[in-house]
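**Q** 3D model of this:
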Amino acid sequence: MLSKNLETAINKQINAEFWSAYLYLSMSTYAGNRGLPGVANWFEVQYKEELDHANKFIKYMIAKGNKVDLRPIEAVPTTWDSVLNLFEENLKHEQVVTGLINDLFALARSEKDFATESLVQWFVDEQVEEEENALNYIDALKLIGDNGYGLYSLDKELATRVYVPLATSTTASKA
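**A** Just a heads-up that it's a prediction; the model follows:
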């Protein structure tokens with residue numbers, strides 16, 4: 001069983017992951033409504049991954065015998081100034097999530113909860129990838145500028161992203 005502090009912190013993270021999913025769903029619909037199906041696809045995959053992240057934490061909490069406390073999802077933004085702004089906000093959000101994950105990791109370490117530390121290490125590594133992806137697309141969009149063909153080409157590239165479900169098992173299979 002997790003300590004009360006870790007239970008509270010992981011529940012906070014579960015709800016943050018669901019908020020992130022809702023944000024990315026909003027970003028996806030924003031892009032789709034502007035005729036950018038590739039950008040919409042990219043953020044839809046982000047949405048699904050965030051749901052996976054929440055579920056990974058939920059399954060861990062259940063496996064440890066702790067209570068999951070789901071809260072209402074706060075409203076998310078629904079409009080942005082541009083596709084560049086969309087990815088800039090994506091980066092800012094991922095930086096906030098990185099801070100939350102780092103805090104959770106530090107708490108697990110301070111409590112010498114090595115199982116939770118191991119779980120959260122996966123998220124620490126994941127956040128490096130999340131921030132790098134956002135930065136790469138920001139750089140590309142800055143190079144593209146007002147070039148419509150450049151945006152069209154990037155949109156086609158983003159359309160190729162495929163959702164790969166996350167394996168969320170927290171326990172080894174029993175023989």
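**Q** contact partners for Tyr24?
**A** Neighbouring residues of Tyr24 by CB atoms under 8 Å, 6 or more residues apart in numbering: 43-44, 46-47, 50, 90. All C-beta atoms are positioned from the backbone trio N, CA, C, and that covers glycine.
**Q** again, only using 10 Å
**A** In this structure, Tyr24 makes contact with 42-51, 76, 90, 93, judged by CB atoms under 10 Å, 6 or more residues apart in numbering.
**Q** check Ala54 too.
**A** Per CB under 10 Å, 6+ apart, neighbours of Ala54: 13-21, 68, 70, 168.
**Q** repeat that with 6 Å
**A** By CB atoms under 6 Å, 6 or more residues apart in numbering, the contact set of Ala54 is 14, 17-18.
**Q** element containing Arg71, please.
**A** When elements are assigned from DSSP states H and E, Arg71 belongs to no helix and no strand.
**Q** wait, it sits on Ala16?
**A** No: the pair Arg71 / Ala16 is not scored as a contact, 10.0 Å apart, by CB atoms under 6 Å.
**Q** between those two, tell me which one has more neighbours.
**A** Using other CB atoms under 10 Å, the more surrounded residue of Arg71 and Ala16 is Ala16, with 20 against 12.
**Q** what helix or strand does the more buried one sit in?
**A** Per DSSP H and E: Ala16 is located in helix 4-33.
**Q** quick one: buried residues of that helix?
**A** For helix 4-33, burial by neighbour count (16 or more other CB atoms under 10 Å) applies to 6-7, 9-11, 13-28, 30-32.
**Q** and the next element down the chain from it?
**A** Toward the C-terminus from helix 4-33 - assigned by DSSP H and E - lies helix 37-63.
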